[in-house]
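*Asks:* Pasting the sequence and the predicted model now:
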Amino acid sequence: MFTRDGQQEEYIKENYLQVTDSRLDDDHWDLLCDHCKVVRGFQVVKRTFTDRAGHYNAQIDTKAPETIYFHCPVCHSYKLWIMFRLYDRESESWRYYKVTAVPNDGLEEIAELPENPSTLRAAYKEAMRAMDANAHMAAAAMFRRALQVITRDILKAKPGNLGVELQEVVGKTYNGGVIDSTFSENAYIVKEAGNQGAHPDKDPDLLDFAAEDATALQEIFMEIVADLFVVPAAKQKAKDDFKARRKIEVPEEK
C-alpha cells in the first residue's frame, strides 16, 4: 500500500521497465513483431485511459495506467501494453514505464522446440514471462533450468554437476550436427548467469541483474536454441520442399 504522495511514482520507477526509447511519436513505436521476427514501427490504433470515479463527466486519472494497442503494418498482428506515463521535470518530457504486455513480449512460442520433454517449453515460457514482469533474476534462473533440461533430457548427459555435463556433451551428434565448443561456451555463460540469479554473489558488481543483462542472456540462450533446433529444422524443410518440387523420392535404406 502507498502511504504518502510520491510513493507510487517511486515504485513505478524502481519496478517497471522504462520503454521511452521505443516511442517514435504519438502514433508509432519501434517494437519487436513476434510473428515477423523483426523490430519495426508499430502503429498505435487505440489508447484507453482510466476515468476518475464519482464524476458525471469523464475525467482521465493521470496517475492510473493506460493501455496502448499496437498494430504491425506488415502482418497485421496486434498486441497491447499496459503502462504508466510519468512527467520528468528535468527533461520536461514524458517517460513511459511498461507494466506488462498482452500477449507477453518476446518469442514465447518456438515451434522448433521439442515437445518432449514438456519441461523444456515450460521452463522457456516461464523465463519469458519473468522477462516481461521485469523479474530478471528469475528469468536467468529459468534459462538455466531450460539449459539443464536440454543437457540432461535431450543430449543425454549423465546427471550430476551441470558444468561437467556441458563438457561431456561436446563431440556428441544431435539433429545432424556435432555439439561443439561454441555450445559449451554459450551454455557455460547461461549456467553461470543462472547461478547468479538464484544465488547472488557477494561481489557488489553482480548483485544487480539489470534488464540489459537479461536481454543479453536471452540472446545467448536463443543462439543455443537456433544451433540445436531451429537451423536443423530449416535445413530439413528446405530439403523436403526441394524434393517435393522436383518429385524426387529417395529410396529407403534396407
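*Replies:* Everything's here; your move. Numbering: from 1, shown residues only.
*Asks:* just the CA coordinates of the longest helix seen in the chain, formatted as PDB?
*Replies:* As assigned by DSSP state H, the longest helix anywhere in the chain is helix 181-198. What follows is helix 181-198 as a C-alpha-only set of coordinates in PDB (Å, rounded to 0.1, in the frame of the first residue of the first chain):
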ATOM      1  CA  SER A 181      32.800 -25.700 -28.200                       C
ATOM      2  CA  THR A 182      30.500 -22.900 -29.200                       C
ATOM      3  CA  PHE A 183      27.600 -24.700 -27.500                       C
ATOM      4  CA  SER A 184      29.800 -25.300 -24.400                       C
ATOM      5  CA  GLU A 185      30.800 -21.700 -24.100                       C
ATOM      6  CA  ASN A 186      27.300 -20.300 -24.600                       C
ATOM      7  CA  ALA A 187      25.900 -22.900 -22.200                       C
ATOM      8  CA  TYR A 188      28.500 -22.100 -19.600                       C
ATOM      9  CA  ILE A 189      27.500 -18.400 -19.700                       C
ATOM     10  CA  VAL A 190      23.900 -19.300 -19.200                       C
ATOM     11  CA  LYS A 191      24.800 -21.600 -16.300                       C
ATOM     12  CA  GLU A 192      26.800 -19.000 -14.500                       C
ATOM     13  CA  ALA A 193      24.300 -16.200 -15.000                       C
ATOM     14  CA  GLY A 194      21.600 -18.500 -13.800                       C
ATOM     15  CA  ASN A 195      23.600 -19.300 -10.700                       C
ATOM     16  CA  GLN A 196      24.000 -15.600 -10.100                       C
ATOM     17  CA  GLY A 197      20.200 -15.100 -10.400                       C
ATOM     18  CA  ALA A 198      19.400 -17.900  -8.000                       C
END
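*Asks:* Can you list the buried residues in whichever helix or strand comes after it?
*Replies:* On the C-terminal side of helix 181-198, the closest following helix or strand by DSSP states H and E is helix 211-225. Neighbour-count burial for helix 211-225, counted by 16 or more other Cβ atoms under 10 Å, picks out 213-214, 217-218, 221-225. (Glycine included, C-beta is placed from N, CA and C.)
*Asks:* circling back to that earlier point, the longest helix of the chain packs against which elements?
*Replies:* With contacts defined as 3 or more Cβ pairs under 8 Å, 6 or more residues apart in numbering; DSSP states H and E, the packing partners of helix 181-198 are helix 136-149, helix 162-169, helix 211-225.
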